[in-house]
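A.B. asks: Sharing a model prediction with you, sequence too.
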Amino acid sequence: MAFVHSLNLVPRVLKGEVNAVARLLTRAEAGSHECRPALDEIFRRAGRAHIIGITGVPGSGKSTLVARLVAAIRQTGRRVGIVAIDPSSPFSGGAILGDRIRMGAIAADPGVYVRSMATRGALGGLARGTLEAIDVLDAAGYEMVIIETVGVGQDEVEVARATHTTVVVSAPGLGDDIQAIKAGILEIADIHVVSKCDRSDADKTVADLKNMLSMGLASARGSWQVPVVPTSAARDEGVAELVAAIDRHWTFLREGNRLEERRRLINERRLLKAGEEILRDQFVRQRNGQVLKLLEQLQARTLSPRTAAERLLQDIHPGDAP
Amino acid sequence: MENDGALGDRALPPARKENIPMTTESKVIRVLVAKVGLDGHDRGVKIVARTLRDAGMEVIYTGLHRTPEEVVDAAVQEDVDVIGISILSGAHMTVFPRLLKLLDERGAKDIMVVGGGVIPDDEVIQLKNLGVKEIMLQDTPPDSIVAMIRRIVVERGPR
Ligand code: B12
Ligand SMILES: Nc1nc2c(ncn2[C@@H]2O[C@H](COP(=O)(O)OP(=O)(O)OP(=O)(O)O)[C@@H](O)[C@H]2O)c(=O)[nH]1
């Protein structure tokens, strides 16, 4: 099959053609230079979708919840794009992406697009290329884009700076009373979900969370009252309430200039992140050959790591095309 | 994933790869491994998934009891290089031709299909003639599965 240039994929992506969306996502994820102009064009065309992040510690029930949530959203007729993120192995760089196991029937729905992504070395719960993937799905006409983060259980603030509505999932009986506090993800929630509410200890988790919110431990979200939504996949409860809460938050954002503010935060983050990536990119590309030399001096302790790093950076020219 | 049993980390994977690039362009091989129909034999597929992961590939595992339609839909959305079907139920002569036909219909013939499990030799030949790229049966050393996938992806070329 002949190579199709990314710019030629764009019109097909805008029409929502699945094969074209899939291929552009692959190239965006690979950081391919060839697809940059196409992604620029996509960025111009995006900006309609409601972007929702779902995060929480491993085993809290995110995948199960996303499957139910998407099924419920589909009842309202909206098309949904999902990016499900799992960690890459730091050893091999490979990954087993298993989120589809729990997706069941929704994966067969033509109004649903599911893409599994491996973190590929990125930290903070998102994968490399996730932000571009959001643009592509948005431009392809998916009205809602759901990002299921890798459940690292800490430092998942990244998702809050990539999405309009952040849902934090906690489950009863996963050790700590409220794992969210320990993980530092309480503050980023626009909506809290307590999953597995078929379990008897769930009431306590709900009560603890509400307590915490009333004490103001969850930082200010303006005049938005952060709801706590109990759900149970086993009993098929709470998902309609969650859809309602998500929609209410979207309405809230679209009043006044709140959505603009949120978008500004996201864009600022993306700008700085892209800058860092370019620097790191050049660093990786250009440092080769230099490291060994400096390493010898470190070994001999004639140079400190800090000074050696400065030398390494002196030779890097971020403007250079690769 | 953890909860799905034997796919989680058991043994320590091979030595840490030097400099996994964080931002430079990366071409990672993506493989969807699947079980189709009522076939519950999942030891082989889990070994294959872990082996490919440990060789640096991204493996999408869809779990048991998928239909060929579901497998092809998933493969197209995930834009995998290869679909790997593990089949020990005897249904291979219906499953593989169906998969190939669906891929054709979806304009996704550049996704290659390989298989393994329990398949009689003469039917292996028939399936390959139909367009299944490679079939590897019991006692295949994991390394040769890795080598085979890498080879067919290289042979296909960039897309
Ligand atoms: C263990 C086993 C079971 C276990 C399965 C446990 C499990 N969770 O997997 C249990 C006891 C549950 C079981 C049940 C049954 N089994 Co059974 N089972 C076996 C047995 C003995 C070994 C299979 C195995 O695990 N091998 C080890 C793994 C690692 O090897 P593998 O799967 O072949 O994978 C290797 C290669 O094939 C290759 N490979 C595999 N997949 C892929 C994919 C790709 C892409 C690639 C490249 C390579 C590749 O790589 C792997 C590593 O080398 C086989 C006999 C045999 N010789 O295969 C019968 C066998 C498969 N079972 C058989 C039968 C009939 C059944 C039952 C119907 C029995 C019954 N009447 O109830 C049930 C059906 C269950 C079901 N729901 O499907 C028959 C199938 C006959 C057929 N195909 O015509 C076999 C062949 C036995 C026989 N000789 O009759 N079984
Ligand atoms: N009792 C009960 N169990 C649930 C519920 N939802 C999920 N589970 C179980 O909780 C476990 C984890 O569910 P997942 O959906 O895989 O959780 P996850 O947060 O996506 O997990 P990771 O992918 O490991 O991060 C599974 O065994 C589910 O069956 C629920 O509502 N009630």
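C.D. replies: Nice, I can see it. Ligands and ions are numbered 1, 2, ... in the order given.

A.B. asks: Near A:Ser200, how many other residues are there?
C.D. replies: Neighbours of A:Ser200 under the rule other C-beta atoms under 10 Å in any protein chain shown: 9. (Each C-beta comes from the backbone N, C-alpha and C, glycine too.)

A.B. asks: how far away is it from A:Glu237?
C.D. replies: Noted for A:Ser200: a distance of 15 Å to A:Glu237, by C-beta to C-beta, to the nearest Å.

A.B. asks: Assumed B:Gly116 was part of a strand.
C.D. replies: Yes - the assignment for B:Gly116 is a strand, going by DSSP: H, G, I helix; E, B strand; the rest coil.

A.B. asks: So the residue most central in space within chain B: helix, strand or coil?
C.D. replies: Central residue of chain B (C-alpha atoms, centre = their mean): B:Gly84, 2.2 Å from the mean position. With three-state DSSP as the basis, B:Gly84 sits in strand.

A.B. asks: Just give the closest residue to it, not the sequence neighbours.
C.D. replies: Spatial nearest neighbour of B:Gly84, excluding adjacent residues (C-beta to C-beta, 6 or more residues apart in numbering or on different chains): B:Val33 at 4.4 Å.

A.B. asks: Quick one: residues contacting that neighbour.
C.D. replies: B:45, B:48-49, B:52, B:59-62, B:83-86 (C-beta atoms under 8 Å, 6 or more residues apart in numbering or on different chains).

A.B. asks: now the residues you listed in CSV, with pLDDT and distance to ligand 1?
C.D. replies: Output for the contacts of B:Val33, formatted as CSV (pLDDT from 0 to 100; distance: C-beta to the nearest ligand atom, whole Å):
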residue, pLDDT, distance to ligand 1
B:Val45, 94, 5
B:Val48, 95, 5
B:Ala49, 96, 9
B:Leu52, 96, 9
B:Val59, 97, 10
B:Ile60, 96, 13
B:Tyr61, 94, 12
B:Thr62, 90, 13
B:Ile83, 97, 8
B:Gly84, 97, 3
B:Ile85, 96, 6
B:Ser86, 95, 3
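
A.B. asks: that older thread, so what's the residue nearest to the centre of chain B up against?
C.D. replies: Going by C-beta under 8 Å, 6+ apart, B:Gly84 touches B:31-34, B:48, B:52, B:114-116, B:149.

A.B. asks: ok, so of those, who is nearest chain A?
C.D. replies: B:Leu52 (6.7 Å; C-beta to the nearest C-beta).

A.B. asks: Dihedrals phi and psi, the closest one?
C.D. replies: phi -70, psi -40 (degrees, to the nearest 10).

A.B. asks: now do A:Asn257
C.D. replies: When read as degrees, to the nearest 10, the backbone of A:Asn257 gives phi -110, psi 30.

A.B. asks: What residues of stretch A:274-285 count as buried?
C.D. replies: A:277, A:280-283 (16 or more other C-beta atoms under 10 Å in any protein chain shown).

A.B. asks: In helices only, show me these.
C.D. replies: Mapping the buried residues of stretch A:274-285 onto helices (DSSP state H) picks out A:277, A:280-283.

A.B. asks: which of the residues you listed lies closest to ligand 2?
C.D. replies: Ligand 2 has its nearest neighbour among those in A:Glu277, at 25.7 Å by C-beta to the nearest ligand atom.

A.B. asks: So for that closest one, what pLDDT did the model give?
C.D. replies: pLDDT, A:Glu277: 80.

A.B. asks: ok, now B:Met1?
C.D. replies: 37.

A.B. asks: quick one: stretch A:142-161 near ligand 2?
C.D. replies: Yes - Stretch A:142-161 lies within reach of ligand 2 by C-beta under 6 Å from any ligand atom, at A:Gly151.

A.B. asks: How far does that stretch stretch from one end to the other?
C.D. replies: From its first residue to its last, stretch A:142-161 covers 20 Å (C-alpha to C-alpha, to the nearest Å).

A.B. asks: just the strands in chain B please.
C.D. replies: B:30-34, B:58-61, B:82-87, B:112-117, B:134-137 (DSSP state E).

A.B. asks: Tell me which of those sits most buried.
C.D. replies: Mean neighbour count (mean count of other C-beta atoms under 10 Å in any protein chain shown) peaks for strand B:58-61 among those, with a mean of 28.

A.B. asks: Show me the contact partners of that one.
C.D. replies: With C-beta under 8 Å, 6+ apart as the test, strand B:58-61 has contacts from A:88, A:94-98, A:100-101, A:116, A:118, B:7, B:28-34, B:45, B:49, B:52-53, B:74, B:78, B:80.

A.B. asks: same thing with stretch A:97-113?
C.D. replies: For stretch A:97-113, the surrounding residues in contact (C-beta under 8 Å, 6+ apart) are A:18, A:21, A:63-64, A:66-67, A:70-71, A:74, A:78-82, A:84, A:86, A:114, A:116-118, A:137, A:140, A:142, A:148, B:1, B:4, B:7, B:58-63, B:69-70, B:73-74, B:77.

A.B. asks: Narrow those residues to those that are buried.
C.D. replies: Buried among these by 16+ other C-beta under 10 Å: A:18, A:21, A:63-64, A:66-67, A:70-71, A:74, A:78-82, A:84, A:86, A:114, A:116-118, A:137, A:140, A:142, A:148, B:1, B:4, B:7, B:58-63, B:70, B:73-74, B:77.

A.B. asks: what about the nearest residue to B:Val146 once chain neighbours are set aside, neighbour count?
C.D. replies: Counting by C-beta to C-beta, 6+ apart, the nearest residue to B:Val146 once its immediate chain neighbours are dropped is B:Ala55, at 4.3 Å. The tally of other residues near B:Ala55 (other C-beta under 10 Å) stands at 22.

A.B. asks: how close does B:Ala55 get to B:Gly116?
C.D. replies: For B:Ala55, the distance to B:Gly116 - C-beta to C-beta - is 16 Å.

A.B. asks: what about A:Asn257, distance to B:Val132?
C.D. replies: 57 Å.

A.B. asks: So these two - more neighbours on which side?
C.D. replies: The neighbour comparison of A:Asn257 against B:Val132 (other C-beta under 10 Å) goes to B:Val132, with 22 against 11.

A.B. asks: got the residues of chain A near ligand 2?
C.D. replies: Residues of chain A lying near ligand 2 (C-beta under 6 Å from any ligand atom): A:56, A:58-64, A:102, A:151, A:195-196, A:198-199, A:232-234.

A.B. asks: domain assignment for chain A?
C.D. replies: A:1-45, A:47-254, A:267-320 (automatic domain parsing).

A.B. asks: what ranges do the strands span in the stretch 101-250 of chain A?
C.D. replies: Using DSSP state E, counting those that start in this stretch, the strands of the stretch 101-250 of chain A run over A:112-118, A:144-148, A:165-170, A:191-194, A:228-230.

A.B. asks: can you tell me the residue of the stretch 1-150 of chain A closest to ligand 1?
C.D. replies: A:Ile96 (14.4 Å).

A.B. asks: Secondary structure element for that residue, which one?
C.D. replies: According to DSSP states H and E, A:Ile96 maps onto strand A:95-97.
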